[in-house]
Every structure is written in structure tokens, then in C-alpha cells.
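[1] Build the 3D model from these lines:
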Amino acid sequence: MDLFVRAINLSLFIERNNQVKEGQTILLVDYNESVIETVRKMADTSGLRLILAEDGQEGLDLAKAELPDLIIIRKDVPMLDALSVSVLLKQSHETENIPVVLISEITSSSERERLHDAGCSGFIEEPFTADDLRRRLENWLS
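    I've put the predicted structure just below:
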């Protein structure tokens, strides 16, 4: 089974396993206001804490300082791109186990392989809704 693209119903998972806990922290590294608002809406309704960064360097610094439960990062953020951030996070003992999920319009298997090689846990294809994101989060926050 390709775990890279698997989606599970978050509500059903929480109900059965209670492993996605209210108060878990997501670091979102993105500059797109509509994406920020979508993720904020999902975090608010799920009881998750959201930290925001606008570029890769700020995201890397916040990841090391805050140790979030999950990092969602736009592939083409400025300063340090998402793949570089992922590689650097995986090189640090403190951050190596934090799932890193990319936001992108990617679909090719070669692009998925590049993400996997950089240590990314998965990707979220645009466009997406708060409900789409909520369904995908179970895979990474459990």
C-alpha cells in the first residue's frame, strides 16, 4: 500500500482510537493567505494549535524551537525551499521524527519519490478544503 497518498477519515479515527489529541501543534510554513485561512479553520475546529511561518528559514527555526507534532510546508517557500527544510530537519536528532508534509500541485510519481527521498511524510495537493485536510491529518498526527 502506498502510504504516501493514503487518506483516512480523521473523525472516525479519533472516535475509535483517540490518538489525535486536542492541543497537538501544527507548524504551517506558507505565504498563501487562502491556504493559511483554510488550515487555521481546520486547526480551530479540531482543537489543534497552529504556528505560522512565512519562509523556509523561519519555519526551520520555529520547528527547532517549538518541536511541533506536524509541519505543513509549501514546496516553493522563499529563503529555504521545502525540500531543503525537510532534509535539514531529518539531520537533527531533535526534529528527525516530526512528519513534514508538502503543499503542492504535484502528481507525478517521480516528484513523489523526490519528496520521499528528502524525508517528507507526504503531500497535500492543491486545491484542498479544511475537510480534505482534516481527513488527511490522521495519517500524520497519530
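
[2] alpha carbons only for contacts and neighbour counts from here, please
    Noted.

[3] quick one: low-confidence ranges for this structure?
    1-21, 106-107, 142 (pLDDT under 70).

[4] tell me the helices in it, going along the chain?
    For the chain, the helices defined by DSSP state H cover 10-17, 33-46, 56-66, 82-90, 109-117, 130-141.

[5] right, so of these, which gets closest to residue 102?
    Between residue 102 and the helices of the chain, the shortest separation by C-alpha to C-alpha is 7.2 Å, and it involves helix 82-90.

[6] so what does that closest one touch, helix or strand wise?
    helix 56-66 (3 or more C-alpha pairs under 8 Å, 6 or more residues apart in numbering; DSSP states H and E).

[7] what sits up against the helix it packs on?
    By C-alpha atoms under 8 Å, 6 or more residues apart in numbering, the surrounding residues in contact with helix 56-66 are 27-29, 52-53, 71, 77-82, 85, 89, 94-95.

[8] Format the CA atom coordinates belonging to that helix as CSV.
    Only the C-alpha atoms of helix 56-66 are listed here, as CSV (Å, rounded to 0.1, in the frame of the first residue of the first chain):
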residue,chain,number,x,y,z
GLY,A,56,11.7,28.2,5.0
GLN,A,57,14.3,29.7,7.3
GLU,A,58,11.7,30.9,9.8
GLY,A,59,9.9,27.6,9.5
LEU,A,60,13.2,25.7,10.3
ASP,A,61,13.9,28.0,13.3
LEU,A,62,10.4,27.6,14.7
ALA,A,63,10.5,23.8,14.1
LYS,A,64,13.7,23.6,16.2
ALA,A,65,12.3,25.9,18.9
GLU,A,66,8.7,24.6,19.2
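
[9] Can you point out the buried residues in it?
    Using 16 or more other C-alpha atoms under 10 Å as the test for burial, helix 56-66 gives 56-57, 59-60, 62-63.

[10] Sweet, I'm off.
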